[in-house]
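Student: have a look at this prediction, sequence included:
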Amino acid sequence: MRPYAYVRARDVEGAVAALAGAPNAAFLAGGTNLVDLMKLGVETPDVLVDVRRLTSDRVEDLDDGGLRIGAAVPNSDLAADRKVRTRYPALSEALLSGASGQLRNLATTGGNFLQRTRCVYFYDTTTPCNKREPGSGCSAVEGHNKNHAILGASQHCVATHPSDMAVAMAALDAFVNVQGPDGERRVPIEELHRLPGDEPQSDTTLRHGELITSVDLPPLGFLSNSKYRKVRDRASYAFALVSVAAALEVEGGVVSDARIALGGVAHKPWRATKTEEALRGEPASGDNFRAAADIELEDAKPLRDNAFKIPLARNLIARTLLDLTEER
Amino acid sequence: MSTAIGGAIGAPLDRIEGPQKATGTATYAYEHPVENPLYLYALHSDVARGRVERIDAAAAEALPGVIAVISHQNAPRLADTRDGELAILQSDEVAFRGQYIGAVVAETFEVARHAASLVRVSYGEQPHDAAFGPERNDLYAPDRLNAGFATDTEEGDVDAALAAAAVTLDETYTTPMEHNNPMEPHTTVALWEAGDLTLYESTQGAHTARRAMARLFGLDRNRVRVVAMHVGGGFGSKGLPHANTVLAVMAAQVVEGRPIKFALTRQQMFSCVGYRTPTVQRIRLGADEDGRLTSTSHDVIEQTSRIKEFAEQTAYATRTMYATGTRRTTHRLAALDVPVPSWMRAPGEAPGMYALEAAMDEMAAKCDLDPIEFRVRNEPGFDAETGLPYSSRNLVACLREGALRFGWEDRDPTPRARREGRWLVGTGVASATYPVFRLPGSRVRVRYRGEGRYAVEIGAVDIGTGTWTALTQIAADALGVGVANIDLRIGDTELPQASVAGGSSGITVWGSTIFEAARAFRERHGQDPSEGDTAEAGTPENAETENYAMHAFGAYFAEARVNEDTGEVRIPRMTGVLAVGNVINPKTARSQLIGGMTMGLGMALHEESLVDPRFGHVVNHDFAEYHIPTNADVGEMDVAWIDEDDPHVNPMGSKGIGEIGICGSPAAVANAVYHATGIRVRDLPITPDKLLG
């Protein structure tokens, strides 16, 4: 690990200012991913600005009936929050399906969004990786890519986004509140993460020095009929092969609204808008769910090792929607 | 041979060192307090083949706290360079990616690691070959296999019998490269002072490590001391000496007088401490109308390293397992630019019995027989490998007892016929065997300390299996005293020499030797000795090995649930019934068998080292991506053993249990997955992608 300076700012403004003048500084919250990457030489910040205690660590009701989650809320607290469990169960389930109890105690809501990919080549500084070292090449395109993207990838990067929480947030239409050198802004979750394109080194649209301060969940009633389902190579403590977060509203046997996001398939939480559109107004049935899933997956471009993700994603979407139909 | 049993052997004694381990006071190698230590961080090759052309260590050496940067340019010359794995830093040659090409020694671990990242190395890279596969045209037959077994065997005309068989099977099974990954990484604390070398070492054999280091560094054996009081697992990877210890000793020699501390990171555990070779196993079986095997052929392809041969005995169990009219086993190797494979829990039996027992499951179906009945029908009367009768062989009893415990009766053999919700449910069975190995060269000293207490001394190592406790129990019965009267001393080359903790041989060898030393002590000093009375003995010969083949046997059962939508596999319960002779300590034995079965579950469903042949190394080299079972993957583990009286095997009547847990259990899981789904995955591990149609 490279030597680095550790700084504790007085407040959010101070933290943001500390990064503004230091292009190679980084925020430190739970550190569950950043510190590992520093040990491996993947991340090499020269200054760490501790933001763990600067933002709210509480989950609070918003006037519009939604929720505001402070960026410092630990993953374990957020998963256990009664309001989250009853009004946005998919979020609680997503959090509990990630990492381990110890990690969830340390990891924060803001930090969870900013996990780096688990692509093995990104983690290994002896192999080329465009995300780690732009221009060096992508080892995964023709390497071991079972865990990699089937949607929205580029020739420069086929990595997937690893967060479970962010997938649920995508399905729940969350907004991320950000404070930066130019003030505050509100980023729809859909616009937080980006596809790799020819700049795979950028996971998100956040600019240097911008700090996530809180997350807002909208007051939509049917989000209480939501679910997160994750498939992985073992029963616990593994990243998703494919995961799905879904919320479904069914009236008189017909789908009136749906929110679906996929994990493990793309460089960002993949909102399945084509599936959602196809479902609205259609009878809630297994056949319709599968057909709607297929529309989204028509664009999938499997790699050597991950063609299985297409049937897996289809089955998972259909099964999750059926469960949400039956449980209603 | 006497099988006189006192009260201690067979008692479920708590681990003697348990409180120390639970309170964190048990001293593992790295924790051993030493004065003024230095820390070593290794430099690994980034190319798979070539030469180190230039090492620029200026930036590293300029870092405050850096004491030395060691490379082939300045490393001590070894006295013996015949072992291609251990003869590191003796030339500029690179033989595999991840090979040690140097080390940084510094005042702290952090400085050493940072300095290592500042060393710039340029290579003259040469084309390498790290792609294992059956299609290669350079496969060769090794002279012998690991543990001295024959490369090929043949009894009768296998091809003719296959051609004439009423029922035949011809399938190929593959198992991946796997890494041992004990919880405690390989660690060494090395002090070189005035020509004496002291090592606190995480090893399965203190004397084995001493022999190797004395030979490599040209030291007299009695100038080398190796201490290994507690070891956090090895699974074979700490059995044979590996280059990490050599690197630590080199550094200790360079900085003479100050101790070197060296612990591998988890990532480094994937390049230099051995692994289980991948295998491709073609199995052909022929049977008559009654389901009796007329031919068995097991042809294995596996890999080794170009710098040192390791030839795993993958088809070994097939030579003894079943009665068959004709039999052939072969082993062929691909020598690649890769690290040297080595022992990993049940080398040979674990991958070999997966293939054989999966094939037996398929063959039972072809013969329209229950898998247990098919195995019983092919139970041999003697060991075909040696021509000797078995000292005891209770496989059938294990299968029958297991069937009762597990609830095998009335099983519908039809695959994919039971479901609970979205989960397809199936059950599977497999047999297990593991030989009773006897390694030479152990000695035990018994000394009377007065007031009823006896010191019993042997340099054996407890790698977490319960050796501290089991040997104390054996010593108590051998001397006819209570366990509280025994002061066991192990884990130090200052004590009488001991064989390596490997091949499930520890209790057989060390226990037999304790009995022999106790007998010698009583012969010389009687029942009422004086303080300081001492006797020492070596491992006695066992004449019965000329008359009997000695193996442990067992049967494993598993229930599999496979999600129809996702291919996820869950194993809610496993049963293991073993015939392992007399069990020394039911508590530690149960723990060890559950551990073996869990590792078998992981072999079936999870473990796989992914080599990227373009680079030549394992790319999923951490515990996030190299999967072993988590608690959530392990369901109910039911372990039992049958009463087995084997008067021939050793004075305790015991057989080793360290490895049999992983022999057969992977096949039981694989067979259950087939029964649940109707999909026969012949390529481990069985991950969801292989079950999604």
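Tutor: Looks like it arrived, so ask away.

Student: residue contacts, residue 236?
Tutor: Looking at chain A here, since you left the chain open. Contacts for A:Ser236 (Cβ atoms under 8 Å, 6 or more residues apart in numbering or on different chains) come out as A:100, B:630-633. Bear in mind the C-beta positions are built from the backbone N, C-alpha and C, glycine included.

Student: wait, chain B
Tutor: Residues near B:Gly236 by Cβ under 8 Å, 6+ apart: B:180, B:204, B:274, B:342-345, B:347, B:502.

Student: are we agreed that B:Gly554 is in a strand?
Tutor: Yes: with DSSP: H, G, I helix; E, B strand; the rest coil as the criterion, B:Gly554 is located in a strand.

Student: can the top helix by length along chain B be found next to chain A?
Tutor: Using DSSP state H, we find that the single longest helix of chain B is helix B:586-605. Yes: residues of helix B:586-605 contacting chain A under Cβ under 8 Å from any Cβ of the partner chain: B:Leu605.

Student: and that helix, what's buried?
Tutor: B:588-605 (16 or more other Cβ atoms under 10 Å in any protein chain shown).

Student: now swap in stretch A:168-186 and tell me
Tutor: For stretch A:168-186, by 16+ other Cβ under 10 Å, it's A:168-180.

Student: start and end of that stretch, how far apart?
Tutor: End-to-end distance of stretch A:168-186: 18 Å, with Cα to Cα, to the nearest Å as the criterion.

Student: quick one: average pLDDT of that stretch?
Tutor: What stretch A:168-186 shows for mean pLDDT is 97.

Student: go on, stretch B:244-254?
Tutor: 98.

Student: CA atoms only for that stretch - export them in CSV, please.
Tutor: Extracted C-alpha coordinates of stretch B:244-254, given in CSV (Å, rounded to 0.1, in the frame of the first residue of the first chain):
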residue,chain,number,x,y,z
ASN,B,244,8.2,-19.5,0.7
THR,B,245,10.3,-21.1,3.4
VAL,B,246,13.4,-21.0,1.3
LEU,B,247,12.9,-17.3,0.6
ALA,B,248,12.5,-16.5,4.3
VAL,B,249,15.7,-18.4,5.2
MET,B,250,17.6,-16.6,2.4
ALA,B,251,16.5,-13.3,3.9
ALA,B,252,17.5,-14.4,7.4
GLN,B,253,20.9,-15.3,6.1
VAL,B,254,21.3,-11.9,4.4
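
Student: show the pLDDT at the spatially closest residue to A:Leu40 that is not a sequence neighbour.
Tutor: Spatial nearest neighbour of A:Leu40, chain neighbours left out: A:Tyr123 (6.2 Å); criterion: Cβ to Cβ, 6 or more residues apart in numbering or on different chains. The score at A:Tyr123 is 97. That number is its pLDDT.

Student: any idea how far A:Tyr123 lies from A:Gln179?
Tutor: 30 Å (Cβ to Cβ, to the nearest Å).

Student: who are the contact partners of B:Arg136?
Tutor: Per Cβ under 8 Å, 6+ apart, neighbours of B:Arg136: B:Ala334.

Student: what's the spacing between it and B:His617?
Tutor: 19 Å.

Student: cool, and B:Ser237?
Tutor: 17 Å.

Student: go on, B:Gly466?
Tutor: Separation of B:Gly466 from B:His617 (Cβ to Cβ): 35 Å.

Student: same check, this time on B:Pro685
Tutor: 20 Å.

Student: spatially nearest residue to B:Gly124 (excluding sequence neighbours)?
Tutor: Nearest one to B:Gly124, counting by Cβ to Cβ, 6+ apart, is B:Arg51 at 4.4 Å.

Student: OK, contacts around the one you found?
Tutor: Here B:Arg51 is in contact with B:92-94, B:123-124, B:126 (Cβ under 8 Å, 6+ apart).

Student: cool, and B:Tyr39?
Tutor: B:Tyr39 neighbours (Cβ under 8 Å, 6+ apart): B:105-109, B:111-112, B:260-262.

Student: now do 7 Å
Tutor: B:Tyr39 makes contacts with B:106, B:108-109, B:112, B:261, as judged by Cβ atoms under 7 Å, 6 or more residues apart in numbering or on different chains.

Student: report the central residue of chain A.
Tutor: Note on chain A: the residue nearest the mean C-alpha position is A:Ala166, at 2.6 Å, using Cα atoms, centre = their mean.

Student: which SS class is that one?
Tutor: Applying three-state DSSP: A:Ala166 is helix.

Student: that one touches A:Pro269, doesn't it?
Tutor: Yes: counting by Cβ atoms under 7 Å, A:Ala166 touches A:Pro269, with 4.8 Å between them.

Student: quick one on the thing from earlier: element containing the residue nearest to A:Leu40, please.
Tutor: Using DSSP states H and E, A:Tyr123 is not contained in any helix or strand.

Student: same check on B:Asn671?
Tutor: helix B:665-677.

Student: close to chain A, is that helix?
Tutor: No: using Cβ under 7 Å from any Cβ of the partner chain, we find that helix B:665-677 stays clear of chain A, coming within 13.1 Å at best.

Student: now stretch B:256-273
Tutor: No: Stretch B:256-273 lies out of reach of chain A by Cβ under 7 Å from any Cβ, never closer than 7.7 Å.
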